[in-house]
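Participant: Next one to model:
(chains A and B)
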Amino acid sequence: MSFLFSLAFKNLSRYRRRTLITAGALAVGLIFFIFLDGWLQGAERESERNIIWYESGSAKVMTSEYLEDLKSMPLKHAIEDPDAVEQVLEGTGVTTTRRTVFAGEIFYGEGSLYVKVVAVDPQTDGKIYRLSETVTEGRYLEPDEQGVVLGEWLAQDLGIEVGEEITIRTRTRYGAFQTFDLVVVGVLNSPNPMINKGTAFIPLSLADEFLEMEGAVTELTLYFPEWQNPEDRIQSLQNRLSVLPGITVESWKDLARDFLMIAQAKSAGSSILLILVFIIAAVGISNTMLMAVYERVREIGMMRAMGMKDGAIRTTFLFEAGGIGLIGAVIGVGLGVVLNWLMVTRGIDMTALMGQMDIGYRVTGVFYSAWHPQAIVGGFVFGVIAAMLFSIIPSSRALKMEITDCLRYE
Amino acid sequence: MIKVEKVTKDYTVGQTVVHALRGVSLSIEKGEFLSIAGPSGSGKTTLLNLIGCLDKATSGEIYIAEEAVSTKNKKELALLRRQRLGFVFQSFNLIPVLTAYENVSFALSLLGVNGAEIKKRTYDLLEEVGLKGMETRLPGELSGGQQQRVAVARALIKEPDMVLADEPTANLDSDTGHEILDLMVDLNKKHGTTFVFSTHDQMVMDYARRLVKLHDGQVTSDEKRGS
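Facilitator: Modelled structure (predicted):
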């Protein structure tokens, strides 16, 4: 076996340029794979975090009716007794904050825009959400004030600045039209584009008064540390909440289903790239090995004449192709890791390129990559194994020839 | 030791059937130094390939140490070649990336001989064929004659029953051809290894102690000579 290994290694240096070109093609494929996979992973992880910090917390408690009609945000299906919910959740280690979310139309100057209005409790909201940290102009909300904080893109679309007044028109929970004037106290630029592009934040007490909520809220946001795998926790909370008819708890994963589907689709894109690497390996290695095999038909004939087993000859080519794969994988993974490291530490500022474009990920500004060791190790192993596999066909073709034909081969 | 009985070999080239051998019978004893001679197309390489178990006869039988070759499968034939037969080719067929030492020792590696023994036997034989000091040279750094010496050493290193050489001097100049033939004669005498080589070169025929002439796939003469 050591002889076969040594022969394969020496044959690698026999066609140095060809070896390097083939390995280089494989390396380029792996670099792209590691780069793209790391980037998608980074965007995915950051999006998940930004959903938790700015959009939905770990989970939300709502009424079943409200959840069924979530898009139209029907106030009539609010939680009538949020205190009762909080009592049930006491001792579970879950942090809660109350919110009322409703649809409204903002009027400013001669224009108007339909927006999502989120009424928050400024005293408890910060226990879960990090919105106050993202204020770029003015300040965050204070309890009971007639103020509003707008997402930056929304403020830009309205052409409004801090200190100016807007009017919000909506319907109360009983369906009556209601308008109220608010002063813009701050503008926030959250890393979650969903917040920036069409959301206005007002104090909960204001919504309670203007919307005739009478203490009811549309949701209670929950936070628990094991948000990445919320299934067990959700099940146990759901069991506890079963004492309150019509109250349900929905994890962030279910609430952000749109994002998860996009992330899944983009992961499929990364798999396509892996297939591309596979094709590069297939074409490059097959071609290189085919040339190597046909240039060595007489040599193969001599080895077979001397009684070398076909399996041993095939193994030599397998090692040789594996060597090309190994060189390609070392270069590809090495450079891929360096590139990924740069992307993890420095990222790429996509602000100029993307502007207010929504690509599904809850990320804006600088996109950072993440480390995905399974993909890196997988890419490495895959590169070597794929290379070895693709040497089988050409070597088998040569081994099908008669020994005498091999010896005569020109 | 080797018995060739009424062997025929037909090839089909397009629509035409070529009768390369037409009922050849021959016996080769241990230690012989035999040349199969004849013009191009007479069937000498075909006969050598059949004796070397590199090809299968259309009819007839070849016995090596009283075992019929036609009954053996591919793996058994490979084992037989590995253990009992050595080959020397017209164009040397050395592995260009291996040194002279490695090209020779490779034959022993196939037999699973241990490293220390491989080393001793290979160095001894390379010295015997006049390549002492050239062990680390690659084939490309050796002359044609030196390369053929390596090929002869590779064929002999495993101490086979028989060495088959197909036109071993055809790619060498006359002086080098003499050197290689002298070497083969010496090794034949010293080791008792049977040498069978094909040629159409009169000089090579002159070295043979037995000369079998072929013409159109048939033995036309079988002449034994003194040593």
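
Participant: Tell me how many other residues surround the closest residue to B:M134 other than its chain neighbours.
Facilitator: With sequence-adjacent residues excluded and distances taken as Cβ to Cβ, 6 or more residues apart in numbering or on different chains, B:M134 is closest to B:A100, at 5.5 Å. All C-beta spots, glycine's among them, are computed from the backbone N, C-alpha and C. Per other Cβ atoms under 10 Å in any protein chain shown, the neighbour tally for B:A100 reads 26.

Participant: Tell me who's in contact with the most centrally placed residue in chain B.
Facilitator: A centroid search over chain B (Cα atoms, centre = their mean) returns B:L164, at 1.4 Å, as the residue closest to the centre. Residues near B:L164 by Cβ atoms under 8 Å, 6 or more residues apart in numbering or on different chains: B:L48, B:I51, B:G52, B:L85, B:G86, B:F87, B:V88, B:V196, B:F197.

Participant: For those, which entry has the maximal number of neighbours?
Facilitator: Busiest of the contacts of B:L164 [other Cβ under 10 Å] is B:G86, holding 27 neighbours.

Participant: now the helices for chain B?
Facilitator: Along chain B, counting by DSSP state H, helices occupy B:44-51, B:74-84, B:100-109, B:115-128, B:144-156, B:174-191, B:202-207.

Participant: Which one of those helices lies nearest to A:N192?
Facilitator: helix B:100-109 (65.1 Å; Cβ to Cβ).

Participant: before we move on, back to that, nearest to A:D349, out of the helices of chain B?
Facilitator: helix B:100-109 (57.1 Å).

Participant: So which elements touch the closest one?
Facilitator: Packing partners of helix B:100-109 (3 or more Cβ pairs under 8 Å, 6 or more residues apart in numbering or on different chains; DSSP states H and E): helix A:2-14, helix B:115-128, helix B:144-156.

Participant: Reformat those helices as JSON lines; add mean neighbour count.
Facilitator: Supplementary listing: these in JSON lines, determined by neighbours: other Cβ atoms under 10 Å in any protein chain shown:
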{"stretch": "helix A:2-14", "mean neighbour count": "17"}
{"stretch": "helix B:115-128", "mean neighbour count": "16"}
{"stretch": "helix B:144-156", "mean neighbour count": "25"}
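
Participant: among those, which is nearest B:L94?
Facilitator: Smallest distance to B:L94 across the helices and strands packed on helix B:100-109 (Cβ to Cβ): 5.8 Å, for helix B:144-156.

Participant: Run through the residues of chain A sitting next to chain B.
Facilitator: Neighbours of chain B within chain A, by Cβ under 8 Å from any Cβ of the partner chain: A:3, A:6-7, A:10-11, A:13-14, A:298-299, A:301-302, A:304-310, A:402-404, A:407.

Participant: still on that earlier bit, would you mind putting the helices of chain B into JSON lines with distance to A:S369 and mean pLDDT alongside?
Facilitator: Output for the helices of chain B, formatted as JSON lines (distance: least, Cβ to Cβ, whole Å; pLDDT from 0 to 100):
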{"stretch": "helix B:44-51", "distance to A:S369": "62", "mean pLDDT": "93"}
{"stretch": "helix B:74-84", "distance to A:S369": "53", "mean pLDDT": "91"}
{"stretch": "helix B:100-109", "distance to A:S369": "47", "mean pLDDT": "92"}
{"stretch": "helix B:115-128", "distance to A:S369": "49", "mean pLDDT": "92"}
{"stretch": "helix B:144-156", "distance to A:S369": "55", "mean pLDDT": "90"}
{"stretch": "helix B:174-191", "distance to A:S369": "65", "mean pLDDT": "86"}
{"stretch": "helix B:202-207", "distance to A:S369": "71", "mean pLDDT": "89"}
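
Participant: With respect to A:I247, which of those lies nearest?
Facilitator: Using Cβ to Cβ, the helices of chain B put helix B:74-84 closest to A:I247, at 75.1 Å.

Participant: which residues are in contact with stretch A:110-120?
Facilitator: For stretch A:110-120, the external contacting residues (Cβ under 8 Å, 6+ apart) are A:73, A:97, A:99-106, A:129, A:131, A:141, A:154, A:157-159, A:168, A:170, A:198-204, A:206-208.

Participant: need the contact list for the one residue in chain B that gets nearest to chain A.
Facilitator: Residue nearest to chain A within chain B (Cβ to the nearest Cβ): B:R82, separated by 2.5 Å. Residues near B:R82 by Cβ under 8 Å, 6+ apart: A:M306, A:G307, A:M308, B:L110, B:L111, B:K158.

Participant: repeat that for 7 Å
Facilitator: B:R82 is in contact with A:M306, A:G307, B:L110, B:L111, counting by Cβ atoms under 7 Å, 6 or more residues apart in numbering or on different chains.

Participant: Which of the residues you listed are buried? Put it as a ChimeraX command.
Facilitator: Buried residues within the contacts of B:R82, by 16 or more other Cβ atoms under 10 Å in any protein chain shown, are selected in ChimeraX with:
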select /A:306,307 /B:110
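
Participant: What is the nearest of the contacts of B:R82 to A:L36?
Facilitator: B:L110 (46.8 Å).

Participant: Please enumerate the strands of the stretch 301-410 of chain A.
Facilitator: A:348-349, A:366-367 (DSSP state E, counting those that start in this stretch).

Participant: can you list the residues of chain B near chain A?
Facilitator: Residues of chain B lying close to chain A (Cβ under 7 Å from any Cβ of the partner chain) are B:49, B:54-55, B:78-79, B:81-82, B:87, B:89, B:93, B:95, B:97-98, B:106-107, B:109-110.

Participant: Please name the residues that touch B:I2.
Facilitator: B:S27, B:I28, B:I51, B:Y63, B:I64, B:M162.

Participant: among those, which ones are buried?
Facilitator: By 16+ other Cβ under 10 Å, these give B:I28, B:I51, B:I64, B:M162 as buried.

Participant: so the first one makes contact with B:L47?
Facilitator: Translated: B:I28. No - counting by Cβ atoms under 7 Å, B:I28 stays clear of B:L47, with 10.9 Å between them.

Participant: coming back round to it: my guess is the residue nearest to B:M134 contacts B:V150, does it?
Facilitator: Yes - if you go by Cβ under 7 Å, B:A100 and B:V150 touch, sitting 4.9 Å apart.

Participant: so what's in contact with the two at the same time?
Facilitator: With Cβ under 7 Å, 6+ apart, B:A100 and B:V150 have common neighbours B:L131, B:L142.

Participant: which residues in the stretch 151-300 of chain A form strands?
Facilitator: A:165-171, A:177-188, A:199-203, A:219-223, A:247-251.

Participant: Could you list every helix and strand in contact with the last one?
Facilitator: Read that as strand A:247-251. Contacting strand A:247-251 under the criterion 3 or more Cβ pairs under 7 Å, 6 or more residues apart in numbering or on different chains; DSSP states H and E are the following elements: strand A:59-63, helix A:64-68, helix A:231-241.

Participant: mind checking how far the last one is from the chain centre?
Facilitator: Taking the mean of its C-alpha atoms, helix A:231-241 sits 26 Å from the chain's own mean (Cα atoms, centre = their mean, to the nearest Å).
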